[in-house]
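1. This is a predicted model, with the sequence first.
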Amino acid sequence: MPVAANLYYFLHEAGGADRPPLLLIHGAGANYQVWPPEIRRMAGQRVLALDLPGHGKSEGPGLQSVADYARSVAAFMKAVGLHQAVIAGHDLGGAIALDMAIERPKWVAGIALLASGARLPVASARLEAAANPSLYSTILAEAQRGAFGPHAPEQAKTLLRRVMTETRPTVYYGDLLACDRLDLSKRLSKVHVPTLVLCGTEDRLTPLSFSEALASGIPGAALQTLDGAGHMLMLEQPRRVAALLSLFLQTIRWPV
């Protein structure tokens with residue numbers, strides 16, 4: 001994998017000049033591998049999937065605010081010469097995409113928000129437990145139990161377990177702090193780029209009400225639900241999510 005602005009990333013070069021690049025941002029405690037091949041290697045599409053600071057193969061500490069993560073993404077885009085992209089983010093990654101659309105709209109051709117929200121509150125008991133490295137395995141087990149719908153494939157659960165186990169406890173704790181401190185609910189009207197909101201009907205971590213609030217607050221946003229999918233909807237229904245993202249990309253006027 002190449003590296004830019006100290007962030008490792010996966011690159012799929014298959015897009016023509018008629019479609020904007022797609023930048024994928026993973027969620028809390030994860031890395032680029034939670035984006036399945038159906039999305040990472042989308043036909044006819046240039047795709048970049050990065051590891052946030054401290055995650056996966058990206059070195060250094062993790063961060064503790066969505067704004068700081070957004071700045072790291074902006075530095076990455078500048079380093080790779082990505083002047084504008086459609087940014088798809090899952091969970092914490094969706095919050096980062098949302099922040100980018102508000103604070104750096106000229107860099108953003110569109111956003112896709114998967115299992116995310118304008119607020120991502122974390123229970124105080126979970127935060128306290130995550131701050132204790134000796135309880136990390138327990139916290140991960142609880143997170144993984146709540147991450148999937150009832151029909152999720154076992155290989156998806158195995159992949160998430162491996163990815164999150166590789167994440168340092170301090171990094172995951174920082175991610176949870178970033179989520180808990182987030183509140184963009186009063187700034188949604190400032191998003192003026194095409195927006196797709198995706199949510200699984202069985203999502204227990206970021207329930208449908210979070211996505212409904214995004215869709216109602218962002219001008220022109222489209223909401224699509226995935227029946228039976230949980231929080232990790234792209235791992236549970238990769239072909240469906242890839243198809244929805246592909247259709248969304250086709251609707252965006254490019255180049256701007």
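-> That came in fine, so what should we check first?

2. contacts, neighbours, all on C-alpha from now
-> Fine.

3. and Gly54, which of the three is it?
-> Look at Gly54: counting by DSSP: H, G, I helix; E, B strand; the rest coil, its state is coil.

4. Then Leu127?
-> helix.

5. For it, give me its contacts.
-> 173, 176-177 (CA atoms under 8 Å, 6 or more residues apart in numbering).

6. Next secondary structure after the worst-scoring helix or strand of the chain on mean pLDDT?
-> Lowest by mean pLDDT, DSSP states H and E among the helices and strands of the chain is helix 136-145, with a mean of 87. Per DSSP states H and E, the first helix or strand lying C-terminal to helix 136-145 is helix 154-165.

7. Counting by contacts, list what the helix or strand just after that next one packs against.
-> For helix 154-165, the following helix or strand on the C-terminal side (DSSP H and E) is helix 169-181. Here helix 169-181 touches helix 92-103, helix 124-130, going by 3 or more CA pairs under 8 Å, 6 or more residues apart in numbering; DSSP states H and E.

8. what mean pLDDT would you report for helix 169-181?
-> Here helix 169-181 scores 96 as its mean pLDDT.

9. Next: stretch 71-78.
-> pLDDT averaged over stretch 71-78 gives 98.

10. What segments of this structure are strands?
-> For the chain, the strands defined by DSSP state E cover 3-4, 7-12, 22-25, 47-50, 85-90, 108-114, 195-200, 222-226.

11. Let me have those in a markdown table, adding distance to Pro121, mean neighbour count and mean pLDDT as columns.
-> Output for the strands of the chain, formatted as a markdown table (distance: least, CA to CA, whole Å; neighbours: other CA atoms under 10 Å; pLDDT from 0 to 100):
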| stretch | distance to Pro121 | mean neighbour count | mean pLDDT |
| --- | --- | --- | --- |
| strand 3-4 | 31 | 16 | 96 |
| strand 7-12 | 27 | 20 | 97 |
| strand 22-25 | 19 | 27 | 98 |
| strand 47-50 | 24 | 24 | 98 |
| strand 85-90 | 15 | 26 | 98 |
| strand 108-114 | 16 | 27 | 98 |
| strand 195-200 | 17 | 26 | 98 |
| strand 222-226 | 21 | 17 | 98 |
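
12. can those strands go into a markdown table with extra columns for distance to Ala147?
-> Putting those into a markdown table (distance: least, CA to CA, whole Å) gives the following:
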| stretch | distance to Ala147 |
| --- | --- |
| strand 3-4 | 29 |
| strand 7-12 | 24 |
| strand 22-25 | 17 |
| strand 47-50 | 21 |
| strand 85-90 | 12 |
| strand 108-114 | 13 |
| strand 195-200 | 11 |
| strand 222-226 | 14 |
